[in-house]
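1. All I have is the shape, not the residue letters:
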Ligand SMILES: NC(=O)c1ccc[n+]([C@@H]2O[C@H](COP(=O)([O-])OP(=O)(O)OC[C@H]3O[C@@H](n4cnc5c(N)ncnc54)[C@H](O)[C@@H]3O)[C@@H](O)[C@H]2O)c1
Ligand SMILES: OC[C@H](O)C(O)[C@@H](O)CO
Ligand SMILES: [Zn+2]
Ligand SMILES: [Zn+2]
């Protein structure tokens, strides 16, 4: 069965295709040869990839902070697929296994403080696929170290597998924000990160939850995506104990700060400008904590369990689907507010 899958796909689709950008802000498809898995690596046929706000940002703006697009750069880091072949020494996987790809591959050396202490998202040598200078996983064939692949159950779709990545961001944020049952909460921004944070915060017991956006459609999508049981969706009734900021836009961060109660916390997931002006002394007089999230560590197993058990339903996030060949159109849709997209997926059958 697995061998048939392998031969079938390679015969039908012998060439690798990827979606790339470059320092001139162009977006294009590029063909290349199918890679061969080396020791400890698996060859994955990437079946579903979601477009992240960061992918659009690298394309349109050429950088996020000091991560700069300096050459041709493949996009995409929210991917799931099926293993077609394994390299020498691979022990945990075999062809036919369905996997989610964790795109940050840290060094894991004992001499690396971040890796040694479990905060591998801070590894200075991390290869994060799609962050320059590393190509992304928005490609047909991708080789990946087996250690950073996560088996997904047969009941989980590839799309859900790819959504484990933004869910990982939200889970890491919820964890570090120390959200507690019954916390009054505001989420700024109803993009995919804001909505998946809404789903996770709802599951974690925040109540009530208010979500903001400047785009009505996004707020409607947030309402649709919320799970049964989320209450008091529109009225907080008092200042927030916790604000999770999912836009990175300065004015939104400031609004978040003014929504906070004495001793509350503004937890920033969104990526914004290099410098921001904040109401410094207001925060001081109200003892408002400001914390940040940078990617995630050790979230995939938890995310798989939450989706598999139905505690978090990520499916409503997907609004548009395109083939890999239509990758350019997929990015235009993801970045055009008139398209009213939330999560755009690129699918390769
Ligand atoms: N920290 C991390 O590790 C991490 C990981 C993934 C994504 N991100 C960042 O998280 C952010 C959200 O990602 P996304 O994919 O949801 O992006 P997105 O652009 O799809 O969503 C952002 C939303 O914010 C809304 N918005 C803009 N200005 C606003 C304002 N002033 N008030 C309220 N809402 C406003 C937009 O209308 C949009 O719906 C991005 O900045 C992304 O780069 C950070
Ligand atoms: O989901 C992961 C994020 O998009 C990336 O960390 C990005 O913000 C920078 O590379
Ligand atoms: Zn991302
Ligand atoms: Zn390291």
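-> Okay, I see it. Just so we're clear, the structure is a prediction, and the values are computed from it rather than from any experiment. Residues are numbered from 1 along each chain as shown. Ligands and ions are numbered 1, 2, ... in the order given.
2. ok, now which ones touch residue 27?
-> Applying CB atoms under 8 Å, 6 or more residues apart in numbering, we find residue 27 in contact with 19-21, 59, 327-328, 331. Where you see a C-beta, it was placed from the backbone N, CA and C, and this is true even at glycine.
3. Selecting buried members of these in ChimeraX, what would you type?
-> The buried residues among the contacts of residue 27 can be selected in ChimeraX (16 or more other CB atoms under 10 Å) with this line:
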select :19,20,21,59,327,331
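4. Among the contacts of residue 27, which ones are in helices?
-> The helices, defined by DSSP state H, take in 59, 327-328, 331 from those.
5. Now for these: which two are most distant?
-> Using CB to CB, the ones in helices among the contacts of residue 27 span at most 11.1 Å, a distance reached by 59 and 327.
6. Residue ranges in the stretch 1-150 of the chain under the pLDDT threshold?
-> 1-4 (pLDDT under 70).
7. can you give me the helices in it?
-> 2-12, 53-61, 113-116 (DSSP state H, counting those that start in this stretch).
8. Minimum distance to residue 28: which of the ones you listed has it?
-> helix 53-61 (10.5 Å).
9. That closest one near ligand 1 anywhere?
-> Yes: for a cut-off given as CB under 6 Å from any ligand atom, helix 53-61 has contacts with ligand 1, namely 53-54, 57.
10. List, out of those, those positioned next to ligand 3.
-> With CB under 5 Å from the ion as the criterion, the residues of helix 53-61 next to ligand 1 include residue 54 near ligand 3.
11. Out of the residues of helix 53-61 next to ligand 1, which comes closest to ligand 1?
-> residue 53 (2.9 Å; CB to the nearest ligand atom).
12. burial of the closest one, as a residue count?
-> 20 (other CB atoms under 10 Å).
13. do you know how far the nearest residue to it once chain neighbours are set aside is from residue 287?
-> Closest residue to residue 53 apart from its sequence neighbours, by CB to CB, 6 or more residues apart in numbering: residue 191 at 6.1 Å. For residue 191, the distance to residue 287 equals 29 Å [CB to CB, to the nearest Å].
14. Point out the residues in the stretch 151-300 of the chain that sit beside ligand 2.
-> Residues of the stretch 151-300 of the chain found near ligand 2 (CB under 6 Å from any ligand atom) are 165, 169, 271, 295.
15. what separates the third one from ligand 3, distance-wise?
-> Just to be clear, that refers to residue 271. To ligand 3, residue 271 is 9 Å away according to CB to the ion, to the nearest Å.
16. Distance of that residue relative to residue 224?
-> 26 Å.
17. Which one of these two is surrounded by more residues?
-> residue 271 (17 against 10).
18. thinking that one is in contact with residue 63, fair?
-> No: at 10.5 Å, residue 271 does not count as touching residue 63 under the criterion of CB atoms under 8 Å.
19. More neighbours: residue 191 and residue 287, which one.
-> Neighbours were counted for residue 191 and for residue 287 using other CB under 10 Å; residue 191 has more, 22 against 12.
20. and the residues of the stretch 151-300 of the chain next to ligand 2 as CSV, adding distance to residue 313?
-> Formatted as CSV, those follow (distance: CB to CB, whole Å):
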residue, distance to residue 313
165, 16
169, 17
271, 26
295, 23
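21. sorry, back to before: for the residue nearest to residue 53, which residues are in contact?
-> Counting by CB under 8 Å, 6+ apart, the residues that residue 191 touches are 53, 213, 218, 246-247, 342.
22. top of those by neighbour count?
-> Sorting the contacts of residue 191 by how many neighbours each has (other CB under 10 Å) puts residue 246 first, at 32 neighbours.
23. on that earlier part again, going by distance to residue 207, which of the contacts of residue 27 wins?
-> Residue 207 lies nearest to residue 331 out of these, by CB to CB, at 36.8 Å.
24. thought the closest one was touching residue 55?
-> Yes: the pair residue 331 / residue 55 is scored as a contact, 7.4 Å apart, by CB under 8 Å.
25. Identify the contacts common to those two.
-> With CB under 8 Å, 6+ apart as the test, residue 331 and residue 55 both reach residue 75.
26. Could you identify which of the helices of the stretch 1-150 of the chain is most buried?
-> Of all the helices of the stretch 1-150 of the chain, helix 53-61 has the most neighbours on average by mean count of other CB atoms under 10 Å, namely a mean of 19.
27. quick one: that helix near ligand 2?
-> Yes: interface with ligand 2: helix 53-61 contributes residue 54 (CB under 6 Å from any ligand atom).
28. residues making contact with that helix?
-> 21, 25, 27, 64, 67, 69, 73, 75-77, 130-132, 136, 138, 191-193, 271, 331, 334-335.
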